[in-house]
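> Using only what follows, build the 3D model:
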Amino acid sequence: MSADKVNHGTAAEAVPVIELRGITKHFSTEEVDTYALRGIDLNVRKGEFVAVTGPSGCGKSTLMAVLGLLTDFEEGRYRLAGRDVGELNGDARAVVRNQHIGFVFQSFNLVGDLTVLDNVALPLKFRSGVKKAERHRRASEALERVGLAHRLKHVPHQLSGGQQQRVAIARALVGAPDLILADEPTGNLDSENAAHVMQLFLELHTAGTTLLMVTHEASLATQAQRMVRMLDGRILDTVQAAA
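Purely as a prediction, here's the structure:
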């Protein structure tokens, strides 16, 4: 990591974007109880880029689902940007997801019959008071940030996989969220496009975006500012990137 990486952890930003305390999650079947998360404690500061890694079945995906308010947990506390969000109902969770969290998925999850511009603007459609012209203006700015302003009238199948993922990143950025969650964002990309996506994440981090990325690829995880390694539903250790 370059020595000129911006340090975003100032005193004015003392409240973590993510604060987990004692998070426990288990799944039950008739034969067995499986603990996916076992007492997870985790802080992520504003502007930090954290990679969560570990073997299959270690709890990475469950942790991502908890952070994205996509699943409940049995024990513990989750505060997002200082707000306790663990007890919110479904409608309130949907509002928090729309206004405070941007998602980037392995499979892109773009709408095939919408243009690139409308795909990126889509999260803003569910915010009251944001008119179409404003949605398109903000979507155009987000596409400019990921280098795809010239493709806004195309539809997803006209783009390469790497370009589609950059559209997905623009969609995650368009609402100016407190946090971007990226779940195996390079999993469907070749090595060249994966490198481009990682470079974009590093640029967003330098600009102050808070990112948490789940990946099974250690070579990608080590490019983040901090690497959290999981095993058997627990955080095994945390490795700070070299300056």
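
> ok, which stretches of this protein are strands?
18-28, 33-44, 49-53, 75-80, 83-84, 101-105, 179-183, 211-214, 226-231, 234-240 (DSSP state E).

> partners of the fourth one in the sheet?
Going back to what we said before, that points to strand 75-80. strand 18-28 (antiparallel), strand 83-84 (antiparallel) (DSSP bridges).

> who does the lowest-mean-pLDDT helix or strand in the chain touch, helix- and strand-wise?
In the chain, no helix or strand scores lower on mean pLDDT, DSSP states H and E than helix 218-221, which sits at a mean of 90. Applying 3 or more CB pairs under 8 Å, 6 or more residues apart in numbering; DSSP states H and E, one finds that helix 218-221 contacts strand 49-53. C-beta here means a position set from N, CA and C on the backbone, and glycine is covered the same way.

> pLDDT on the strand it packs on, on average?
Averaged across strand 49-53, pLDDT comes to 97.

> can you list contacts of that strand?
44, 60, 63-64, 201-202, 205, 210-218, 220-230 (CB atoms under 8 Å, 6 or more residues apart in numbering).

> Low-confidence stretches in the chain?
1-13, 242-243 (pLDDT under 70).

> In contact with the spatially most central residue of it, which residues?
Taking CA atoms, centre = their mean, the centroid of the chain lies closest to residue 181, which sits 0.9 Å from it. Taking CB under 8 Å, 6+ apart, we find residue 181 in contact with 64, 67-68, 101-104, 212-214.

> Just the buried residues of those.
Using 16 or more other CB atoms under 10 Å as the burial test, the contacts of residue 181 include 64, 67-68, 101-104, 212-214 as buried.
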